[in-house]
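Participant: 3D model of this:
(chains A, B, C and D)
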Protein chains: 2
Amino acid sequence: MNRLHNMSRADDALERLFRVTTVLSDAMAEDLAARGLTRARATVVAVLARMGPSNQRALADVLRVTPRNVTGLVDGLEGAGLVVRSPHPEDRRASLVSLTDAGAELAASLVEDERRLARFLFGGLDRDDLAAVTSGLDRVLERLAAPAFGELRREALER
Amino acid sequence: MNRLHNMSRADDALERLFRVTTVLSDAMAEDLAARGLTRARATVVAVLARMGPSNQRALADVLRVTPRNVTGLVDGLEGAGLVVRSPHPEDRRASLVSLTDAGAELAASLVEDERRLARFLFGGLDRDDLAAVTSGLDRVLERLAAPAFGELRREALER
DNA sequence: TATTGTTATACTCTATAACTATA
DNA sequence: TATAGTTATAGAGTATAACAATA
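Facilitator: Model prediction:
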């Protein structure tokens, strides 16, 4: 009975998580689109802002995407004037992808947007509630990183 | 000072939320792929399980996607034997999309997976922590539904 | 030999526009 | 005249495979 109750609460929590995720990611995609950006390209801009000028191989690794995919993303961003390719100083096979001034400005603006969003979403919660949410999500992250998560997924596929 | 502290906590919470979302959605996409499904097609299956046999227009409205897009998704699912199109009994323009037995089985299995996932992710939290997370996410959902969220987004785009 | 990034090809999701068959 | 679903066309993200230049 108690256990059943807890189980239904877990379902509720996951449902809330999915709803928050959906609404948030739709809104963010829409806002990026209004700036002429897609999610994938915005991610490249954010990664470049964090890592500094990088070759495409490094980008592919960080984005966990094929090198061919990076070619396309960088093509798009270069066309939009947000990044430039330059010859890699030490490896003539590679090119170095860097943010232009416009790209760096955009990256800063995305970071600022995120900060405002965080304050907007969580600013109304008092410290204890906020701490509870954050540490709850941390627990979830621990579960997601645990080997048991892999087992759960394997079991599901074997059913 | 106190305010600054709260602000950084809000950033932390949003960062956790994004990380949970990313890991979870990557894992789910991978699991669907192992079953030969994409996210978009799995959503159609879930919607059909919930709404029962539907015409494509209704699917387009619920999925918030163009009718043309539904054509493609249903084509794919029909090819995989998960849904069938049949003539609509009352409207000869429309077709009725229904889950096959295999489709219904898959839908049930997806629901079951989600329940297991919820228990796995949140089963370790005690009642109070779980309630705190759920109600925190509810507060976030309220903020996302508030007109102020629209204003925040408009301001960001005007910068 | 191995690696970097490209061309070639293909699939999925998405959209708009024009069209057919029906309502 | 309006609606349901299609064909036609296009763009973005993703992937694998083959290849050229370079390490």
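
Participant: longest helix anywhere in chain A?
Facilitator: Determined from DSSP state H, the single longest helix within chain A is helix A:2-34.

Participant: hmm, that one touching chain B?
Facilitator: Yes - counting by Cβ under 8 Å from any Cβ of the partner chain, chain B has neighbours in helix A:2-34: A:6-7, A:9-14, A:16-17, A:19-21, A:23-25, A:27, A:31, A:34. All C-beta spots, glycine's among them, are computed from the backbone N, C-alpha and C.

Participant: and the angle from the worst-scoring helix or strand of chain A on mean pLDDT to helix B:2-34?
Facilitator: Sorting the helices and strands of chain A by mean pLDDT, DSSP states H and E puts helix A:2-34 at the bottom, at a mean of 86. Put simply, helix A:2-34 runs at 100 degrees to helix B:2-34, going by axes from the mean of the first three to the mean of the last three Cα atoms, to 10 degrees.

Participant: would you tell me what the next helix or strand after helix A:2-34 is?
Facilitator: Reading on from helix A:2-34 to the C-terminus, the next helix or strand found by DSSP states H and E is helix A:39-51.

Participant: can you name every helix or strand that the helix or strand that that following helix is followed by contacts?
Facilitator: Counting by DSSP H and E, the next helix or strand C-terminal to helix A:39-51 is strand A:54-55. Applying 3 or more Cβ pairs under 8 Å, 6 or more residues apart in numbering or on different chains; DSSP states H and E, one finds that strand A:54-55 contacts strand A:95-99.

Participant: and the contacts of the helix or strand just after the strand it packs on?
Facilitator: Beyond strand A:95-99 on the C-terminal side, the first helix or strand identified by DSSP H and E is helix A:101-122. For helix A:101-122, contacts defined as Cβ atoms under 8 Å, 6 or more residues apart in numbering or on different chains pick out A:31, A:35, A:37, A:42, A:45-46, A:48-49, A:77, A:81-83, A:99, A:130, A:133, B:7, B:9-11, B:13-14, B:140, B:143-144, B:148-149, B:152, B:156, B:159.

Participant: I appreciate the help and will end here.
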